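Undergrad: here is a sequence together with a model predicted from it:
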Amino acid sequence: TTERKGPNNTLNPSEDAPGSPWAIGSHDGGHTAVDPGLGTVEDFEWFVDEASKHGLEVALDLAFQCSPDHPWVREHPEWFRHRPDGSIRFAENPPKQYQDIYPINFETDDWKALWTELLNVTTFWVERGVRIFRVDNPHTKPFPFWEWLIRSVHATHPEVIFLAEAFTRPKRMAGLAKLGFTQSYSYFTWRNTKQELTDYFLELTSAPLADFMRPNLFANTPDILHEYLQEGGRPAFLARLTLAATLGPSYGIYSGFELIERTAAEPGSEEYLDSEKYQVKPRDWDAPGNIKGEIRRLNELRQEFPALQHNHELWFLPVQNDQLIAYIKSDPGGDP
């Protein structure tokens with residue numbers, strides 16, 4: 001509850017405001033606890049089991065940072081950076097300030113105990129059925145740590161998928177893939193013209209990058225509502241959905257995409273107004289204008305055609321109109 005944020009990152013939350021889900025931990029527990037409002041760890045295990053009965057996997061966000069109320073703040077203050085006055089430094093990305101989040105200091109002298117505890121957190125959820133982790137900002141943590149953690153998990157559970165949520169320099173993104181991350185975010189969100197898409201996907205599907213990096217194409221994220229979607233409306237959403245679902249073997253959409261949610265926090269911003277980052281947001285998933293049917297059909301086609309399940313054998317076709325793009329994909333066996 002300390003420094004908890006309200007809707008739209010305001011500083012005066014109501015008593016029932018959930019705060020940011022990335023401000024991990026409270027007086028009820030830390031990274032291995034479940035918010036009492038959602039249930040218990042046993043309820044979570046039931047949820048994972050029920051999802052599997054429907055052919056679904058539960059993915060978990062792996063964010064190694066803490067709220068001011070996290071038990072580690074009291075038990076291991078040496079795991080955090082401190083100001084000269086002894087207070088713990090909160091997260092900053094100028095001009096933004098995140099008073100509700102304490103970054104972990106990976107340069108602590110107690111790094112061995114820290115690494116072990118973070119591995120324990122990961123294996124705790126693996127043992128409860130989680131096989132997919134979206135790793136928050138891995139490029140801001142030491143690469144040797146990730147290589148060790150992923151190797152340690154894969155020693156007993158090689159099927160676990162680690163998705164690197166990293167929008168950073170291309171060499172660092174490639175470095176994360178080389179050290180063990182199964183999938184990676186990409187620059188797809190900002191590649192919108194025909195030439196941008198052609199150049200970028202020829203790079204992604206060609207050696208050497210295609211030999212070790214598996215992109216996951218997100219049409220939007222909790223942090224990114226691109227101008228193309230804000231201004232283009234339903235046609236733009238359908239275009240980006242189709243590109244994401246057919247250009248890459250893995251793609252993602254963030255809640256609200258199905259309903260064409262496209263209101264930015266302010267002009268020129270890629271942040272959502274009334275973002276779920278700071279509030280619980282009920283939705284009518286059957287609201288008029290939704291694109292659930294189109295999403296379902298594209299997913300059916302992805303299951304039907306093996307060529308859409310691979311990151312190789314992509315050819316762009318010559319089309320004179322710069323507003324049209326055409327391409328062919330084949331599976332490794334050569335069938336389109």
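TA: Perfect, thanks for sending it.
Undergrad: which element, helix or strand, includes the residue of the chain positioned farthest from its centre?
TA: What lies farthest from the middle of the chain is Gln320; by Cα atoms, centre = their mean that is 36.1 Å. Using DSSP states H and E, Gln320 maps to neither a helix nor a strand.
Undergrad: which parts of the stretch 51-200 of the chain are strands?
TA: With DSSP state E, counting those that start in this stretch as the criterion, the stretch 51-200 of the chain has strands at 59-62, 65-66, 91-93, 96-98, 102-103, 132-136, 161-165, 183-184.
Undergrad: separation between the residue farthest from the centre of the chain and Gln195?
TA: 14 Å (Cβ to Cβ, to the nearest Å). Yep, even glycine has a C-beta here, placed from its N, CA and C like the rest.
Undergrad: what separation do you get for the residue farthest from the centre of the chain and Phe201?
TA: Taking Cβ to Cβ, one finds Gln320 at 20 Å from Phe201.
Undergrad: could you do Phe47 as well?
TA: Taken as Cβ to Cβ, the span from Phe47 to Phe201 is 36 Å.
Undergrad: of those two, who's got more company?
TA: Phe201 (22 against 16; other Cβ atoms under 10 Å).
Undergrad: number of nearby residues for Asn299?
TA: Count around Asn299 with other Cβ under 10 Å applied: 13.
Undergrad: and if you look at the one 10 residues further on?
TA: By other Cβ under 10 Å, the residues close to Gln309 number 14.
Undergrad: ok, now which ones touch it?
TA: Pro249, Arg302, Asp331 (Cβ atoms under 8 Å, 6 or more residues apart in numbering).
Undergrad: of those, grab the buried ones for PyMOL.
TA: Burial among the contacts of Gln309 is assessed by 16 or more other Cβ atoms under 10 Å; the matching PyMOL selection reads:
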select buried, resi 249+302
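Undergrad: on that earlier part again, now mean pLDDT and mean neighbour count too, for the strands of the stretch 51-200 of the chain, in JSON lines please.
TA: Below are the strands of the stretch 51-200 of the chain laid out as JSON lines (pLDDT from 0 to 100; neighbours: other Cβ atoms under 10 Å):
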{"stretch": "strand 59-62", "mean pLDDT": "98", "mean neighbour count": "17"}
{"stretch": "strand 65-66", "mean pLDDT": "98", "mean neighbour count": "23"}
{"stretch": "strand 91-93", "mean pLDDT": "90", "mean neighbour count": "12"}
{"stretch": "strand 96-98", "mean pLDDT": "86", "mean neighbour count": "13"}
{"stretch": "strand 102-103", "mean pLDDT": "98", "mean neighbour count": "23"}
{"stretch": "strand 132-136", "mean pLDDT": "98", "mean neighbour count": "20"}
{"stretch": "strand 161-165", "mean pLDDT": "99", "mean neighbour count": "23"}
{"stretch": "strand 183-184", "mean pLDDT": "98", "mean neighbour count": "22"}
